[in-house]
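In: When you get a sec, could you give me coordinates for this:
(4 chains)
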2 protein chains.
Amino acid sequence: MDAPTAFTSDQESRAHDAQHHSLRLWLRLLSCTTHIEDHVRQRLRHKFGTSLPRFDLLAQLERHPKGITMGELSRRLMVSGGNVTALVDQLQAEAAVQRHHAPDDRRSIRVTLTPAGRRQFARMAREHEEWVMELFDQVEPERLRQLFELLGELKHSVRQRAGVLDQE
Amino acid sequence: MDAPTAFTSDQESRAHDAQHHSLRLWLRLLSCTTHIEDHVRQRLRHKFGTSLPRFDLLAQLERHPKGITMGELSRRLMVSGGNVTALVDQLQAEAAVQRHHAPDDRRSIRVTLTPAGRRQFARMAREHEEWVMELFDQVEPERLRQLFELLGELKHSVRQRAGVLDQE
DNA sequence: TATTGTTATACTCTATAACTATA
DNA sequence: TATAGTTATAGAGTATAACAATA
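Out: Below you'll find the model as predicted:
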C-alpha cells in the first residue's frame, strides 16, 4: 500500500491483481473526495453556517424550478424519508424553501426554493465553485477533462453493478 | 447540469468555464464515491457488523505492525482525538486492538492489532476488495489504470492547495 | 391495500472544551 | 508551560418502524 506509482505486474494471478488494483483505485478515490469534502464542508460551515447535505438539497431544488416531491428528494439524495423531512423543516424555518400540497394527489408535497433561498444558494454555489477550482488548479485542464470522462465510465459501471437509480 | 458528455466550450469566459468544469468534475467525483461508499458501508454492516471508520482504523494498524499512537491515528484518520478514543474503546472491547503504554513517554499510547483483530481485518479486506472489483468491472483495466494515475495528480493538487499532511 | 409523508427513537460519527497525567 | 490522551457534552446525519392521510 506504499508504492505511489501506477499498477505494476508481478507473478500474482490476474484476478488477484485486479482486486488489489481496484482496491487501490477505490482508496485513492476516497482519499481525494474526503479531502475536498472536508475543505468544502468547513468553508460552508464557517462562511454560510450550512452543511453539505443542506447544500445538496438546495442544489436539487435549483435544478427543478417547478419543485420536487419529498420522495423524489429522498431518492435523489439517497437518504431516508424521515431525514428529508428534517432537512426540509430546517430550510423552511430559514425561509429558504417552501412546501406546496400537490393539487392532484393530496398526499404528495412539492418543495420549491423561495426567491431568498435561490439567491442564497447562488451565492454559495459561486463560492463553492471557486473553492473547488482552486483545489484543482495544479492539474492541467486537459487532464481534468480526461478525469471527468473516466469518472463518467466508472460511475456507469458502479451504477449498473450497485443497481442505483441515480440523479444528474 | 444535464449534458452527460465532456466539457463543451461556449461564449462564456475561460475562467468561468474552468469554474463550471471544476464544479462538475467535483460533483461527479462525489457521486462516484458516494455510491461506492454506500455499497461498501452497507455490506460492512450486514456482513461484519462494522463501519467504514472502524475499518479504516484497523487498516491503519495493519499498515503499522509496531503500533501507532492515538495522536497519529487522529491525524491519519483526520478526526478528533476524542473520537479516536471512542473508536479504539469499541475495538478494544471486541478484542480486535490493544493499548500499550510507551516505555519512553508514559503519556503516549501505542495501539496494535491483536492476532484476532488481524485475522478479522484480513477477512473483511478480502471481501472489501471483491466488492469493489465487482463495481468496477464494466470499465477496461487500462482505463482504470489511467484513472488511478489522474487521481494521483488530483490528489497532489488538492493536498497542496488544502495544506493537508496526509497518509499513504 | 399501497403510497406519501411525518413522527419518534436510537445509533454513529463528529467537534469542542475541560480535565489528568506526564514531560 | 506544553503535550498525550480521556471524559463529557452536544449536535448533525442517518436508519428504522409505527403512524396518519390519501389513493
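
In: what's the spacing between residue A:51 and residue A:37?
Out: As judged by CB to CB, to the nearest Å, residue A:51 and residue A:37 stand 11 Å apart. The C-beta positions use only the backbone N, C-alpha and C, and glycine is treated the same way.

In: Any buried residues in the helix of greatest length in chain A, and which?
Out: Using DSSP state H, we find that the single longest helix of chain A is helix A:14-48. Burial within helix A:14-48, assessed by neighbour count using 16 or more other CB atoms under 10 Å in any protein chain shown, is assigned to A:17-19, A:21-37, A:39-40, A:44, A:48.

In: Could you do stretch A:140-155 as well?
Out: A:144, A:146-155.

In: right, is that stretch up against chain B?
Out: Yes - contact of stretch A:140-155 with chain B (CB under 8 Å from any CB of the partner chain) involves A:141, A:143-155.

In: Give me the contact list for the helix or strand harbouring residue A:149.
Out: Taking DSSP states H and E as the definition, one finds residue A:149 inside helix A:141-162. Residues from elsewhere that reach helix A:141-162, judged by CB atoms under 8 Å, 6 or more residues apart in numbering or on different chains: A:136, A:139, A:164, A:166, B:4, B:6-7, B:18, B:21-22, B:24-25, B:28-29, B:31-32, B:35-36, B:38-39, B:134-139, B:143-144, B:146-147, B:150-151, B:153-154.

In: Quickly check: the lowest-mean-pLDDT helix or strand in chain A near chain B or not.
Out: Ranking every helix and strand in chain A by mean pLDDT, DSSP states H and E puts helix A:14-48 at the bottom, with a mean of 85. Yes - residues of helix A:14-48 contacting chain B under CB under 8 Å from any CB: A:18-26, A:28-39.

In: OK, contacts around the most centrally placed residue in chain A?
Out: Nearest to the mean C-alpha position of chain A, by CA atoms, centre = their mean, lies residue A:56 at 6.5 Å. Taking CB under 8 Å, 6+ apart, we find residue A:56 in contact with residue A:77.

In: After the one helix or strand it maps to, which helix or strand is next? Please name it.
Out: According to DSSP H and E, residue A:56 maps onto helix A:52-63. Next helix or strand after helix A:52-63 toward the C-terminus (DSSP H and E): strand A:68-69.

In: The residue nearest to residue A:61 when sequence neighbours are not counted: how many residues sit nearby?
Out: Closest residue in space to residue A:61, ignoring its immediate chain neighbours: residue A:113 at 4.7 Å, by CB to CB, 6 or more residues apart in numbering or on different chains. Per other CB atoms under 10 Å in any protein chain shown, the neighbour tally for residue A:113 reads 22.

In: what angle sits between the helix or strand containing residue A:111 and helix A:52-63?
Out: Element membership for residue A:111, per DSSP H and E: strand A:109-113. Here strand A:109-113 points in a direction 90 degrees away from that of helix A:52-63 (axes from the mean of the first three to the mean of the last three CA atoms, to 10 degrees).

In: mean confidence for the next helix-or-strand element following strand A:109-113?
Out: The element immediately downstream of strand A:109-113 (helix or strand, assigned by DSSP H and E) is helix A:115-136. Averaging pLDDT along helix A:115-136 gives 93.

In: Summarise which helices and strands helix A:115-136 is packed against.
Out: In this structure, helix A:115-136 packs against helix A:14-48, helix A:52-63, helix B:14-48, helix B:141-162, with contacts taken as 3 or more CB pairs under 8 Å, 6 or more residues apart in numbering or on different chains; DSSP states H and E.

In: how about JSON lines for these, with distance to DNA strand D added?
Out: JSON lines is the format used below for these (distance: least, CB to the nearest atom of the strand, whole Å):
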{"stretch": "helix A:14-48", "distance to DNA strand D": "9"}
{"stretch": "helix A:52-63", "distance to DNA strand D": "4"}
{"stretch": "helix B:14-48", "distance to DNA strand D": "7"}
{"stretch": "helix B:141-162", "distance to DNA strand D": "20"}
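
In: Quick check: which of those is nearest to residue A:78?
Out: In terms of CB to CB, the element of the helices and strands packed on helix A:115-136 nearest to residue A:78 is helix B:14-48, at 6.5 Å.

In: Just checking the distance from that closest one to the centre of its chain.
Out: Chain-centre distance of helix B:14-48: 13 Å, with CA atoms, centre = their mean, to the nearest Å.

In: repeat for stretch A:98-114
Out: That offset, for stretch A:98-114, works out to 24 Å (CA atoms, centre = their mean).

In: what do you get for stretch A:138-158?
Out: How far stretch A:138-158 lies from its chain's middle: 16 Å, per CA atoms, centre = their mean.

In: now do stretch A:110-128
Out: For stretch A:110-128, the distance from its own C-alpha centre to the chain's C-alpha centre is 16 Å (CA atoms, centre = their mean).

In: May I see the buried residues of it?
Out: A:110-114, A:117-118, A:120-121, A:124-125, A:128.

In: closest to residue A:74 among those?
Out: residue A:111 (11.1 Å).
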